[in-house]
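Asker: The sequence and its predicted three-dimensional model are supplied below.
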Amino acid sequence: MTSWSRSLTLLFSLVLAAALSGCNVARLTINTPLTSDSVAFITEGRTTLADVIATLGAPDSMTDAEAGTLVTYRFLDAKYSRVNFGWLLKPWSPVDPDLVFSRSGLGTDAFELLCDNNWIVTHQAFVRHRPAPPFTPYPF
């Protein structure tokens, strides 16, 4: 390997390492995420709220409704990632540029139950509140 190709390889490795050091990836989980399998035991018209609480735990909220009580379990399982391309300019720039591409998709999901006056589940549904924004370059 010639000294030119070694220098080129070293330069490419340094640029790649600098670019990757501006990356952040994180995962955020709030409460236990519910799936269709975890609520499959619920049979509308038969399962009581006590059975649901025994399996899933206490709900996040209970609200009176015309047809009974609305019970809500909120949860979140999100991934957050961002790349700061401005980090590459720090050695040559008098300011700290922050050219960030990020995607968070944050927002809670919910599982809702409607119980009648006898505390029997009459309806159930997953409610998605997670926004799906496109990648957004900041500060633009």
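Answerer: Yep, that arrived.
Asker: ranges for the helices of the protein?
Answerer: With DSSP state H, the ranges of helices along the chain come out as 3-20, 49-56.
Asker: what about the longest one, average pLDDT?
Answerer: Rounded to a whole number, the mean pLDDT of helix 3-20 is 69.
Asker: same thing with stretch 60-71?
Answerer: The model assigns stretch 60-71 a mean pLDDT of 92.
Asker: Low-confidence bits of the chain, can you list those?
Answerer: For the chain, the stretches with pLDDT under 70 are 1, 14-27, 79-90, 95-107, 129-140.
Asker: same thing but 90
Answerer: 1-36, 65-67, 75-109, 127-140 (pLDDT under 90).
Asker: where along it do the strands fall?
Answerer: Along the chain, counting by DSSP state E, strands occupy 23-30, 61-65, 68-84, 100-103, 109-115, 121-128, 136-138.
Asker: Name the surrounding residues that touch the second one.
Answerer: In other words, strand 61-65. Residues from elsewhere that reach strand 61-65, judged by Cβ atoms under 8 Å, 6 or more residues apart in numbering: 69-72, 74, 114. Heads up, the C-betas are built off the backbone N, CA and C, glycines and all.
Asker: Distance check, Trp92 against Ser13.
Answerer: 19 Å (Cβ to Cβ, to the nearest Å).
Asker: go on, Ser61?
Answerer: For Ser61, the distance to Ser13 (Cβ to Cβ) stands at 53 Å.
Asker: repeat for Ala50
Answerer: Distance of Ala50 to Ser13, computed by Cβ to Cβ: 62 Å.
Asker: just Asp37 next, same as before
Answerer: 45 Å.
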